[in-house]
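In: With the input below, show me the fold.
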Amino acid sequence: MGTAGTSTDATVGERRQLINVAYRLLGSLAEAEDAVQEAYARWYALPTGRQEEIVSPGAWLTTVTGRICLDVLGSARARRERYVGAWLPEPLPDRTERGHGSGADPADQMVLDESVGMAFLVVLESMTPAERVAFVLHDVFRYPFAEIAGILRRTPAACKQLAASARRRVRAARAPAPAPAAQADLVRQVKEAWAAKDIAALVDLLDPAAVMTADGGGRAGAALRPVEGGERIARYMAGIAEKAPGLELLERSVNGAPGLVAQRAGVVLTVAAFDLAEGRVARIWVVRNPEKLRWWSRRE
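Out: Got it, this is the predicted structure:
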């Protein structure tokens, strides 16, 4: 997991990996950054002699970060019960669409692959904290169960069972993804129909059983409950477009997949991610909470 040694470089070099692990565990870049910073604070608080005893600082930091994330996940249920409306993972922009960053920001250090897709992260939210940690560390990052056991304070066999249970959830929820070009084309059609307030065209693009979930966090207007059914979603989307003149719709990568962004005067107000199945839109996740969009409007 890490590089042997006790130099500062040996620990600082682990930050990118830790941010990627923590985001997948927590679904929040802000919370991931806090968890990693806390892990580093604990490392630097160790006496020099204790640091020198640690063969792999990276492994130590991963263990500590994992335990911090586990604690955060354990308290998340209570916090999200107080959350206004639905809670969705924090959407990630593609680095190339944020301008030229220094690489110091956590958003610049994210590896965008299928393990950060919005559909995947939403499935992770349905898992117990222990399942999520075991599954993400083993199936996504290929850490052995012997090391995961040290994080969860369980036996390797128990961790293996947790990962297997989580894996079944993922398989049950995932549908075959269309080719990237097909995804981009369908999202483009949604954008055009949405901008034109063309309800009939939107209905054709949406699965009849489609579901739209919005996250405003009480800080931006959003439906408090999921909108279900293709026709209802189409009318809801057209209503939004009617009430928000001046919004510019842009095709953007959202968590590594084709998505849409609505902005006004260069400020991103809405990020939409899509789950597509059999040539239609099956799920739409709309994030409007400005606290979750801070990485989208920043330019270096």
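In: Can you show me the strands along the stretch 151-300 of the chain?
Out: 206-215, 227-228, 248-254, 257-264, 267-277, 280-287 (DSSP state E, counting those that start in this stretch).
In: which parts of the fourth one are buried?
Out: Right, strand 257-264. For strand 257-264, the neighbour count (16 or more other CB atoms under 10 Å) marks 257-263 as buried. All C-beta spots, glycine's among them, are computed from the backbone N, C-alpha and C.
In: And for the longest one?
Out: Going by neighbour count (16+ other CB under 10 Å), the buried part of strand 267-277 is 268-277.
In: okay, the residues you listed in CSV with pLDDT and distance to Gln161 next?
Out: Output for these, formatted as CSV (pLDDT from 0 to 100; distance: CB to CB, whole Å):
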residue, pLDDT, distance to Gln161
Val268, 93, 42
Leu269, 93, 44
Thr270, 95, 40
Val271, 96, 36
Ala272, 97, 37
Ala273, 97, 31
Phe274, 96, 33
Asp275, 95, 28
Leu276, 93, 33
Ala277, 89, 30
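In: still on that earlier bit, now, among the buried residues of strand 257-264, which is nearest to Trp295?
Out: Val261 (11.8 Å; CB to CB).
In: isn't the closest one right up against Arg252?
Out: Yes - under the criterion of CB atoms under 8 Å, Val261 makes contact with Arg252 at 4.5 Å.
In: okay, and the common contacts of the two?
Out: Applying CB atoms under 8 Å, 6 or more residues apart in numbering, one finds that Val261 and Arg252 are jointly contacted by Val271.
In: about what we covered before: quick one: closest of the strands of the stretch 151-300 of the chain to Pro178.
Out: That would be, of the strands of the stretch 151-300 of the chain and by CB to CB, strand 267-277, which comes in at 5.4 Å.
In: Tell me which residues touch Gln37, please.
Out: Counting by CB under 8 Å, 6+ apart, there are no residues that Gln37 touches.
In: pretty sure it is in a helix, no?
Out: Yes - judged by DSSP: H, G, I helix; E, B strand; the rest coil, Gln37 forms part of a helix.
In: got any ranges where the stretch 101-250 of the chain has weak pLDDT?
Out: For the stretch 101-250 of the chain, the stretches with pLDDT under 70 are 101-104.
In: Helices of that one, start to end?
Out: 118-125, 129-135, 145-152, 156-173, 180-195, 199-205, 230-243 (DSSP state H, counting those that start in this stretch).
In: most packed of these?
Out: helix 129-135 (a mean of 24; mean count of other CB atoms under 10 Å).
In: Quick one: list the elements packing against that one.
Out: In terms of contacts (3 or more CB pairs under 8 Å, 6 or more residues apart in numbering; DSSP states H and E), helix 129-135 is packed against helix 57-81, helix 145-152, helix 156-173.
In: wait, which of the ones you listed is closest to Arg42?
Out: helix 57-81 (5.7 Å).
In: who touches that closest one?
Out: 1-6, 10-11, 13-14, 17-18, 21-22, 25-26, 31-32, 35-36, 38-40, 42-43, 51, 54, 87, 129-130, 132-133, 137, 143, 147-148, 150-152.
In: what number of residues lie near Thr128?
Out: By other CB atoms under 10 Å, the residues close to Thr128 number 14.
In: Ignoring the adjacent residues along the chain, who's closest to it?
Out: Spatial nearest neighbour of Thr128, excluding adjacent residues (CB to CB, 6 or more residues apart in numbering): Leu162 at 7.8 Å.
In: Isn't the one you found up against Val136?
Out: No - Leu162 is beyond contact range of Val136, at 10.9 Å (criterion: CB under 8 Å).
In: circling back: to Gln189, which of the strands of the stretch 151-300 of the chain lies closest?
Out: strand 280-287 (9.4 Å).
In: pLDDT (mean, whole number) over that closest one?
Out: Strand 280-287 carries an average pLDDT of 96.
In: mind listing what's buried in it?
Out: 281-287.
In: Please list all residues in contact with Gly279.
Out: 178, 182, 186.
In: The second one and Glu114, how far apart?
Out: Plainly put, Ala182 is 16 Å away from Glu114 if you go by CB to CB, to the nearest Å.
In: three-state assignment of the residue sitting furthest away from the middle of the chain?
Out: Residue farthest from the centre of the chain, counting by CA atoms, centre = their mean, is Gly49 at 38.0 Å. Following three-state DSSP, we place Gly49 in the helix state.
In: Spit out the contact partners of Tyr251.
Out: Residue 251: Glu, not Tyr. Applying CB under 8 Å, 6+ apart, the residues contacting Glu251 are 184, 187-188, 191, 258-261.
In: Lys197 too?
Out: Neighbours of Lys197 in contact, by CB under 8 Å, 6+ apart: 238, 241-242.
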